[in-house]
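Colleague: Here's a sequence, model it:
(chains A and B)
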Amino acid sequence: MDTAELLASYEQMALIRRTEKAAHDLFLQGLVKGTTHLAAGHEAIAVGASAALRDDDYVFATYRGHHHAMARGATPEECLAELMSRATGLCKAKGGSMHLTKADANMLGSYAIVGAHLPMAVGAAWSARLRGTGQLAVAFFGDGATNIGSFHEALNLAAVWKLPVLFVCENNQYMEYTPIADVTAVPRPAADRAPAYGIPGEVVDGNDVVSVQEAVARLARRARAGDGPAVLEAETYRHFGHSRADPATYRPAEEVERWLKHDPLDIARGRLTEAGVPEEAVTAADERAQTVVRQAIEAAKSAPPPDPREAFTDVWADGGAAWRT
Amino acid sequence: MADVITYREAVAEGIAREMRRDPSVVCLGEDIGEAGGVFKTTAGLFKEFGRERVWDTPISEQAIVGAAMGAAMTGMRPVAEIMFSDFLACCWDYLANEIPKVRYMTGGQVTVPLVVRTANGGGLGFGAQHSQATENWALTVPGLKIAAPSTPADVIGMMAAAIRSDDPVVFFEHKGLLASKGVPPPPDHVVELGHAAVVREGGDVTLVALASMVPVALKAAERLVQEDIGVEVVDLRSLVPLDMATVLASLGRTSRLVTVEENPYQGGWGATLVSVVADEGFALLDAPVRRVAAECVPLPFADVLEEQVIPTVDKVVAAVRSLAAY
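Modeller: Residues are numbered from 1 along each chain as shown, chains lettered A, B, ... in the order given. So this is what the prediction gives:
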């Protein structure tokens, strides 16, 4: 990643961080209903991986997926409008926080059933191979997903068919409220399982955007060359609780403090300084992100609610919802 | 082509016709390749199309249907086989939560043109976990189209419609009909989903049936001729779209309705159909509605027990007779 790319990645991460903070505040103000699963702290995984991918590669994410939608091009305004049930939302306010999707960028969805999208990514990789496009599919998932059956079925099938798919685990140390180590038989929930399927399993600092980018680029090259899938376990930490207003009091204070000092934005800023990027350039990036998000909040707030008739569109490919004659 | 084709052969023929015309059609499932499927419903496909289009999978129902979904979202038209329809429970997340909802919850951003084929139904002594008629499971989820043909010609025509559909289709192939024979349909035969067929005309009672219950209903109708009861038989062919127009038109002629369902009475498709009749066709009726459906117990193994549970010709005859006398 050259300096310009690093600065762009930093700005993208700052944009995600501020959007997540906005989502948090808007939720507490009652302007976002339902639930949110914020990805503050996970930014480097989405942005680093995205920097290593081709524009036409496929991305599948979880209900903690705002960062992936944005890393593939969704704007803060589209995302916040979706969370705030506005007609201008990314999914026309029919999906909500847990289902952000940017299909025109091949970001093919955020799925709220744990592990469900891993086989889908395998299928997208299978499709890419059948069509001979050289595309890759990436499934991002949490550590909790490594204990559900679809994870294991997906890894096995991807390995047997030697497909161009990457399984990127965002290991934030907690399945929901329970430490992943308390419910998993091996220390590395994703990486330690990979060898059982004959595929490489690597661990990376998920808070360092450069390390993530390099690891994904290397595994992507390998997969595109026909050498099959890989598992990348990216270690990270949530800055907010699991969902909604969860204060995450189940996490020890010293652990929280240690991880907050290992903030992906700080790490990227340190790398920018090392690379000789002037402080003003970094500050300018921060300010641009702040402006974009502030404008996004206002635009989303002033956008109209969906037309009630939208409840009856998009069930079928013809756009309608008719189930009978 | 031969003068007759079995229902079993029609499945493979229906898929093959679509694979010949559209290179994006690919098959995946357990033992479907060289082995031709445990029911031989994919026999010949591997030989004709090769391993790049007919893929054997591990016993991983979630991976099969989940991968089919991912492929369908990215330009392919996968045809996934779930060996027994009872096993749909192993991948139910995909049929309940993922496939039928992804188009809607993304605001129409994605399309999922896939077919999940599965061997359905009882009468063969396979016991409680390999004999169920599960078409009513799929009916509980908005967003799935549901096909369940009763003849070889309909298998081919509805397979064409299902594979060409841009919507997800669950395609129920009835195990009890696999050996049945019929006339092979002409090339490019397509039976659009959502069109029921009046397969026998009659003026006294309408029997609405699906899949293997269609021949049961036809046999009952034949027997009732001796009692001078005219029975009209409607082969529903698909549950979604549900062709209520054909059912209501038939009731306009007969004024009496019996559904013949292999799924259990509790939660069976007939309950949905009858509720529409109650809402919109009440004035057409001259008698109560009867549902002949499976009893609400798990399917037993022994023939003598299974007959107690699944609708039979005798049970249908009795229901029609009582209704005609009402």
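
Colleague: all strands of the chain, in order?
Modeller: Because you didn't say which chain, this covers chain A. A:58-62, A:107-111, A:137-142, A:165-171, A:201-205, A:230-235 (DSSP state E).

Colleague: Hmm, no, I was thinking of chain B.
Modeller: For chain B, applying DSSP E gives strands covering B:5-6, B:25-29, B:54-56, B:77-84, B:115-120, B:145-147, B:169-174, B:181-182, B:197-200, B:205-209, B:231-235, B:238-240, B:257-264, B:290-294.

Colleague: what about the first one, distance to the chain center?
Modeller: Going back to what we said before, that points to strand B:5-6. Counting by C-alpha atoms, centre = their mean, to the nearest Å, strand B:5-6 is centred 17 Å from the centre of its parent chain.

Colleague: partners of it in the sheet?
Modeller: When sheet partners are counted by DSSP bridges, strand B:5-6 sits next to strand B:181-182 (antiparallel).

Colleague: picking up where we left off before, columns mean pLDDT on top of the strands of chain B, output as JSON lines?
Modeller: Formatted as JSON lines, the strands of chain B follow (pLDDT from 0 to 100):
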{"stretch": "strand B:5-6", "mean pLDDT": "98"}
{"stretch": "strand B:25-29", "mean pLDDT": "98"}
{"stretch": "strand B:54-56", "mean pLDDT": "98"}
{"stretch": "strand B:77-84", "mean pLDDT": "98"}
{"stretch": "strand B:115-120", "mean pLDDT": "98"}
{"stretch": "strand B:145-147", "mean pLDDT": "98"}
{"stretch": "strand B:169-174", "mean pLDDT": "98"}
{"stretch": "strand B:181-182", "mean pLDDT": "98"}
{"stretch": "strand B:197-200", "mean pLDDT": "98"}
{"stretch": "strand B:205-209", "mean pLDDT": "98"}
{"stretch": "strand B:231-235", "mean pLDDT": "98"}
{"stretch": "strand B:238-240", "mean pLDDT": "98"}
{"stretch": "strand B:257-264", "mean pLDDT": "98"}
{"stretch": "strand B:290-294", "mean pLDDT": "98"}
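
Colleague: Residue A:273 is nearest to which of the ones you listed?
Modeller: strand B:77-84 (50.2 Å; C-beta to C-beta). In this view, the C-beta of every residue, glycine as well, is placed from N, C-alpha and C.

Colleague: what helices or strands is that closest one leaning on?
Modeller: strand B:25-29, helix B:61-72, strand B:115-120 (3 or more C-beta pairs under 8 Å, 6 or more residues apart in numbering or on different chains; DSSP states H and E).

Colleague: end to end, how far does stretch B:227-236 reach?
Modeller: Start-to-end span of stretch B:227-236 (C-alpha to C-alpha, to the nearest Å) is 26 Å.

Colleague: contacting residues around residue B:105?
Modeller: Applying C-beta atoms under 8 Å, 6 or more residues apart in numbering or on different chains, we find residue B:105 in contact with A:91, A:94, A:95, A:96, A:99, A:101.

Colleague: Please repeat the previous calculation with a cut-off of 7 Å.
Modeller: A:91, A:94, A:95, A:99 (C-beta atoms under 7 Å, 6 or more residues apart in numbering or on different chains).

Colleague: circling back to that earlier point, just name the most buried of the strands of chain B.
Modeller: strand B:205-209 (a mean of 29; mean count of other C-beta atoms under 10 Å in any protein chain shown).

Colleague: counting contacts, what elements does it pack onto?
Modeller: helix B:213-224, strand B:231-235, helix B:244-254, strand B:257-264, helix B:313-324 (3 or more C-beta pairs under 7 Å, 6 or more residues apart in numbering or on different chains; DSSP states H and E).

Colleague: circling back: out of the contacts of residue B:105, which touch chain B?
Modeller: A:91, A:94, A:95, A:99 (C-beta under 7 Å from any C-beta of the partner chain).

Colleague: Local confidence estimate at the closest residue to the last one other than its chain neighbours?
Modeller: Nearest residue to residue A:99, sequence neighbours excluded (C-beta to C-beta, 6 or more residues apart in numbering or on different chains): residue B:105, at 4.6 Å. Residue B:105 carries a pLDDT score of 98 in this model.

Colleague: Repeat that for the one 4 residues further on.
Modeller: Looking at residue B:109, its pLDDT reads 98.

Colleague: and if you look at residue A:245?
Modeller: Looking at residue A:245, its pLDDT is 83.

Colleague: and residue 51, what does it touch?
Modeller: All of this is about chain A. Residue A:51 neighbours (C-beta under 7 Å, 6+ apart): A:1, A:5, A:9, A:213.

Colleague: please go with chain B instead
Modeller: residue B:33.

Colleague: rewinding a little: would you mind giving the helices and strands packed on strand B:205-209 as a markdown table with distance to chain A added?
Modeller: Rendered in a markdown table, the data for the helices and strands packed on strand B:205-209 read as follows (distance: least, C-beta to the nearest C-beta, whole Å):
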| stretch | distance to chain A |
| --- | --- |
| helix B:213-224 | 19 |
| strand B:231-235 | 13 |
| helix B:244-254 | 4 |
| strand B:257-264 | 15 |
| helix B:313-324 | 24 |
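
Colleague: Would you mind giving the domain segments of chain B?
Modeller: Domain assignment for chain B by automatic domain parsing gives B:5-182, B:197-324.

Colleague: Identify, out of these, the most deeply packed stretch.
Modeller: domain B:5-182 comes out most buried of the domains of chain B by mean count of other C-beta under 10 Å, with a mean of 22.

Colleague: Look at the residue of the stretch 151-300 of chain A found nearest chain B and say how many residues are nearby.
Modeller: Here the stretch 151-300 of chain A gets closest to chain B at one residue, residue A:153, 3.8 Å apart by C-beta to the nearest C-beta. Neighbourhood size, residue A:153 [other C-beta atoms under 10 Å in any protein chain shown]: 26.
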